[in-house]
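> quick one: sequence and predicted model below, then my questions.
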Amino acid sequence: MWVVVVLAMAAGFQTTDSNQGGAGVAFTRIRPSEPYLTALLREGYERSATLHELVDALQRTNVILSLQPLACAGGRIRSCLVGVKGSQRERHIWIKVDPQHTIKDRLIAAVAHELQHAAEIAEDPDVVDAASALALYRRIAVGACGRGLSEECETARALATERRVTEELAHQPDEHARDITPVREGDDVRSRRDGDVDVRQDPSGLILLVVDSFGAARRLTRPC
């Protein structure tokens, strides 16, 4: 399935303060709205060389990215870039990823996919709003968008980035996964955590659960 970048003005989105990245790196340009998204980004940064390089490259740009766990296109796709606004001095980009669509490593890869779209925008200083973003994707997109037939746009670079990150994550398994005791939704869990939250699989191995600061497990995703 293609993950589509939807180029439209975003309304009602809030950016958050900067988040701490992996190994002491501060994600000052990428701002997840939820602690578990920060944890996923940090894990991807540590396990995937491609995502690591992409995050570092975005840190050197003038874009600020808001990353939020929301549905895209009514739940039809699992991630999307939904807004661009700003000036040549500083630009804000809004990205949504839908945690109801996929399990952890694929969610990290979907984030990488959208960060690649953000990098494409960052490379063009003239992209400062929805109209200029659409003009960019008319030039670089594949498929119907590149032919002027759709405003849902995709690029070969983003697809390749997602594919590489997926492969890298498969070869760099989560070193903590074998130490995590499976939990069920609603369980009271008061064991070791990685940061503010702990993302775990239930006994089926398919459903991700977030253990919050109070030790309560709640559902994050369901099987695809």
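Received, thanks. Not measured: the values here are computed from a predicted model.
> all strands for this structure, in order.
Per DSSP state E, the chain carries strands over the ranges 5-6, 19-20, 26-27, 30-32, 63-68, 79-86, 91-97, 152-153, 198-201, 208-211, 217-219.
> hey, where'd the helices end up in this protein?
All helices of the chain, identified by DSSP state H, fall at 35-47, 49-59, 104-122, 130-140, 156-171.
> domain-wise, how is the protein divided?
Annotated domains of the chain cover 5-171, 177-224 [automatic domain parsing].
> lowest mean pLDDT across those, which one is that?
Out of these, domain 177-224 stands lowest, with a mean of 44 (criterion: mean pLDDT).
> roughly how far does the closest residue in space to Arg91 that isn't next to it in sequence sit from Ala170?
The shortest distance from Arg91 to any non-neighbouring residue, by CB to CB, 6 or more residues apart in numbering, is to Val63 (4.8 Å). Glycine gets a C-beta too; all of them are placed from N, C-alpha and C. The spacing between Val63 and Ala170, counted by CB to CB, to the nearest Å, is 29 Å.
> more crowded one of these two?
Val63 (19 against 11; other CB atoms under 10 Å).
> which residues touch that one?
Taking CB atoms under 8 Å, 6 or more residues apart in numbering, we find Val63 in contact with 29, 86, 90-93, 118, 121-122.
> now, which of these sits nearest Asp105?
Proximity of these to Asp105 (CB to CB) peaks at Ala118, which lies at 20.3 Å.
> bridge partners for the closest residue to Ala110 other than its chain neighbours, pull those for me.
Using CB to CB, 6+ apart and skipping the chain neighbours, the partner closest in space to Ala110 is Ser79 (4.1 Å). Beta bridges link Ser79 to Val97, judged by DSSP bridges.
> quick one, phi/psi of Thr155?
Main-chain dihedrals, Thr155, degrees, to the nearest 10: phi -130, psi 150.
> how much space separates it from Glu114?
Distance of Thr155 to Glu114, computed by CB to CB: 11 Å.
> rewinding a little: burial count for the residue nearest to Ala110?
Neighbour count for Ser79, taken as other CB under 10 Å: 30.
> for Gly148, same thing?
Gly148: 10 surrounding residues under other CB under 10 Å.
> please apply the same query to Leu107.
Residues lying near Leu107 (other CB under 10 Å) number 25.
> thought it was touching Pro99?
Yes. Using CB atoms under 8 Å, Leu107 is in contact with Pro99, at 6.1 Å.
> thinking again about what came up before, which of the contacts of Val63 are buried, as a ChimeraX select command?
To isolate in ChimeraX the members of these that are buried, counting by 16 or more other CB atoms under 10 Å, one can use:
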select :29,91,92,93,118,121,122
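> which one of the contacts of Val63 is nearest to Leu149?
Once CB to CB is applied, the member of the contacts of Val63 that ends up nearest Leu149 is Ile121, at 21.3 Å.
> show me the contacts for the closest one.
Ile121 makes contact with 63, 81, 84, 91, 93, 127, 133, 136, according to CB under 8 Å, 6+ apart.
> distance of it from Ile103?
Distance of Ile121 to Ile103, computed by CB to CB: 28 Å.
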